[in-house]
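Visitor: what would the 3D arrangement of this be:
(one chain, ligands or ions: 2)
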Amino acid sequence: MDNEKKILIVDDEASMRRNIVDLLSMKGYSLLEAKTGEEAIDMIENTTLDILILDINLPNMSGLEVLKLTKNNYPELPCIMLTAYGTSEKAIEAMKLGAFDYMEKPFELEEFIMIIERALKHSELLKELKQLRYKVSSSKSEEGSKIISKNSKMQEIFKTIGRISATDASVLIQGESGTGKELIADAIQRHSHLTDKPYVKINCGALSESLLESEIFGHEKGSFSGAESQRKGLFELANEGTVFLDEVNSMPPSLQVRLLRIIQGQSFFRVGGTTPLKVNVRIIAATNKDIEDEVKAGRFREDLYYRLNVARINIPPLRDRPDDIHVLIDYFFQKYSPTQKLILQEDSLQNILDYHWPGNVRELENTIHRASIMTTDNIIRIDKLPHETNRRTNLNATLQSYLNDKYSFKSIIADIEKKLLTEALKINNYNQSKTADCLKMNRRLLYSKVNEHSIIIK
Ligand SMILES: Nc1ncnc2c1ncn2[C@@H]1O[C@H](COP(=O)(O)OP(=O)(O)OP(=O)(O)O)[C@@H](O)[C@H]1O
Ligand SMILES: [Mg+2]
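Guide: Residues are numbered from 1 along each chain as shown. Ligands and ions are numbered 1, 2, ... in the order given. Purely as a prediction, here's the structure:
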């Protein structure tokens, strides 16, 4: 099993990396190496790692900065820091930032292996916990979760939040990934008269059907192997308060029926239970797919849809509200660099405005956070932005590679056409009519091109 565990070692000293790689590959781990923090960040973002071993003293971007960014974006990834003898201040700082442990160089091999094994166990436990985690809070949600926007459609949403706050109506929030669905759900709960009542969140897309069932409805002791004690379901815990059902579109059909019954005020049973239970909860649901399409396709029950869709909020994707980009950038600058005033170089701003932001505000936030750490002065230049935001460079590089490989004109054009159509389909969730509209092309032509290029429609 250990054979599959991936460990990234980040150290600017080649001999140190060599020693660790030799030692750990003998134990059957798969090792990756990086010389700098920048290189490490790229690898962390593009690989699924099990452990990060990080030298605290790196050139340019320091180990602590890499740690901070990693813990922010990948909180479950255990980071073991390597420190030079006697640098306790930095070691303490590292632990405060969430490092799993640290080793002073030179270190004992046996102790090192032990720490690695502990870290792996710890990360497995965390992964399990994350699967089962839900949030129960009876107090107000954390402050600081401000929704920033000056876009007129978003202003309408704020008004809707105000209007529905006085009611118990179910709310359905639809928006692409990273548009702020959870942020808005929190705001609705915070402003509602149920603000001091329980608030329970559950992600319907993250759990298997049986786990989700027992999370939502609870289970009796011994109702399945592993059910060592009785457990209340989330609806019971949320009684008299609010439930946030995230990714409700992923809920399996059998659970959709049971959810409908609860909403209709009928009684339900815990898994393996015989006592009928009743609850009274306000439901806020979120979907990242077009829910009407899901209903039409028969994947989502129509009757449940009507019950959830009493109040409706559609959050526009970030690319449809370019007027928000400036205010959000300012907000994230302030959040991630409160002491130093950051400035975007003009070209960087243009790239940001041109990009289509498939990951929406979350992607913009990560981009700004990362750039604010990577920059050495207060100016954010293009090279500190992720590659994909740079349309021009990407295109130039692609063209260069065609020319270097000496393809024929015909095959280059065919390849570009295929890439363009694939990307357009992806952005439009593989909806062919929307894609044709977006490219202002005839639908029939699109269908025949999709066939011609054997593009897979997901
Ligand atoms: N208008 C906004 N102002 C400030 N921060 C925002 C805004 N919208 C989103 N964010 C930030 O972007 C991140 C993603 O937001 P959130 O988790 O609410 O999105 P989501 O739609 O639920 O995403 P997903 O579909 O991936 O679960 C969070 O860090 C949130 O604070
Ligand atoms: Mg969410």
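Visitor: tell me the phi and psi of the residue lying closest to residue 299 once chain neighbours are set aside?
Guide: Distances taken as C-beta to C-beta, 6 or more residues apart in numbering put residue 249 closest to residue 299, at 7.5 Å, once the chain neighbours are dropped. C-beta: built from backbone N, CA, C; applies to glycine. Backbone torsions for residue 249, taken as degrees, to the nearest 10, come to phi -60, psi -20.
Visitor: so how many other residues sit close to residue 249?
Guide: Neighbourhood size, residue 249 [other C-beta atoms under 10 Å]: 22.
Visitor: ditto for residue 315
Guide: 24.
Visitor: can you check residue 113 too?
Guide: For residue 113, using other C-beta under 10 Å, the count is 14.
Visitor: quick one: it and residue 27 touch, right?
Guide: Yes: look at residue 113 against residue 27 with C-beta atoms under 8 Å: they come within range, at 6.7 Å.
Visitor: who touches both of those two?
Guide: Shared contacts of residue 113 and residue 27, defined by C-beta atoms under 8 Å, 6 or more residues apart in numbering, are absent.
Visitor: and the spatially closest residue to residue 259 that is not a sequence neighbour, helix, strand or coil?
Guide: Leaving aside its sequence neighbours, residue 259 sits nearest to residue 304 (C-beta to C-beta, 6+ apart; 6.4 Å). Following DSSP: H, G, I helix; E, B strand; the rest coil, residue 304 is assigned to helix.
Visitor: give the contact list for residue 304.
Guide: Here residue 304 is in contact with 256, 259, 260, 263 (criterion: C-beta under 8 Å, 6+ apart).
Visitor: what is the neighbour count of the closest residue to residue 50 other than its chain neighbours?
Guide: Distances taken as C-beta to C-beta, 6+ apart place residue 5 nearest to residue 50, at 4.4 Å, with adjacent residues excluded. Using other C-beta under 10 Å, residue 5 has 18 other residues around it.
Visitor: ok, now residue 445?
Guide: If we define neighbours as other C-beta under 10 Å, then residue 445 has 11 of them.
Visitor: how near is it to residue 421?
Guide: 10 Å (C-beta to C-beta, to the nearest Å).
Visitor: then residue 189?
Guide: 42 Å.
Visitor: looking at these two, which is more packed in?
Guide: residue 189 (24 against 19).
Visitor: tell me the SS of residue 245?
Guide: strand.
Visitor: and the pLDDT at residue 142?
Guide: pLDDT recorded at residue 142 is 48.
Visitor: actually, residue 139.
Guide: So residue 139 comes in at 38 (pLDDT).
Visitor: before we move on, what about residue 299?
Guide: pLDDT at residue 299 comes out at 95.
Visitor: and for the residue of the stretch 101-250 of the chain at minimum distance from ligand 1, the neighbour number?
Guide: Closest residue of the stretch 101-250 of the chain to ligand 1, C-beta to the nearest ligand atom: residue 180 (2.9 Å). Neighbour count of residue 180, defined by other C-beta under 10 Å: 22.
Visitor: relative to ligand 1, how far out is the spatially closest residue to residue 204 that is not a sequence neighbour?
Guide: Among residues not flanking residue 204 along the chain, residue 251 sits closest, at 4.4 Å (C-beta to C-beta, 6+ apart). Between residue 251 and ligand 1 the computed distance is 15 Å (C-beta to the nearest ligand atom, to the nearest Å).
Visitor: give me the pLDDT value at residue 251.
Guide: pLDDT, read off for residue 251, is 95.
Visitor: got the residues of the stretch 51-200 of the chain near ligand 1?
Guide: For the stretch 51-200 of the chain, the contact set with ligand 1 under C-beta under 6 Å from any ligand atom comprises 147, 148, 149, 175, 177, 178, 179, 180, 181, 182, 183.
Visitor: switch the cut-off to 5 Å
Guide: Contact residues (C-beta under 5 Å from any ligand atom) of the stretch 51-200 of the chain with ligand 1: 147, 148, 149, 177, 178, 179, 180, 181, 182, 183.
Visitor: can you list which of those are found in helices?
Guide: Among those, the members falling in helices (DSSP state H) are 181, 182, 183.
Visitor: any chance of these in JSON lines, with neighbour count, distance to residue 17 and pLDDT too?
Guide: Formatted as JSON lines, those follow (neighbours: other C-beta atoms under 10 Å; distance: C-beta to C-beta, whole Å; pLDDT from 0 to 100):
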{"residue": "181", "neighbour count": "24", "distance to residue 17": "42", "pLDDT": "97"}
{"residue": "182", "neighbour count": "17", "distance to residue 17": "40", "pLDDT": "95"}
{"residue": "183", "neighbour count": "16", "distance to residue 17": "41", "pLDDT": "94"}
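Visitor: what ranges do the strands span in the stretch 51-200 of the chain?
Guide: 51-55, 79-83, 101-104, 135-137, 171-174, 199-203 (DSSP state E, counting those that start in this stretch).
Visitor: surely residue 327 is in a helix?
Guide: Yes: applying three-state DSSP, one finds residue 327 inside a helix.
Visitor: that one contacts residue 150, correct?
Guide: Yes: contact between residue 327 and residue 150 holds when scored by C-beta under 8 Å: they sit 5.5 Å apart.
Visitor: average model confidence for stretch 267-286?
Guide: On average, the pLDDT along stretch 267-286 is 92.
Visitor: wait, what's in contact with residue 56?
Guide: 62, 63, 64, 81, 82, 83, 84, 87, 90, 91, 94, 102.
Visitor: who's the fourth one bridged to?
Guide: So the one you mean is residue 81. For residue 81, the beta-bridge partners are residue 54, residue 102 (DSSP bridges).
Visitor: ok now do it, which residues does it touch?
Guide: 54, 55, 56, 63, 67, 91, 94, 99, 101, 102, 103.
Visitor: try 10 Å this time
Guide: 52-56, 63-64, 66-67, 87, 90-91, 93-95, 97, 99-104 (C-beta atoms under 10 Å, 6 or more residues apart in numbering).
Visitor: and the gap between it and residue 102?
Guide: Residue 81 sits 4 Å away from residue 102, going by C-beta to C-beta.
Visitor: common neighbours of these two, please.
Guide: Common neighbours of residue 81 and residue 102 (C-beta under 10 Å, 6+ apart) are 54, 56, 63, 87, 90, 91, 94, 95.
Visitor: my guess is the first one meets residue 67, correct?
Guide: Meaning residue 54. Yes: counting by C-beta atoms under 10 Å, residue 67 is a contact partner of residue 54 at 6.2 Å.
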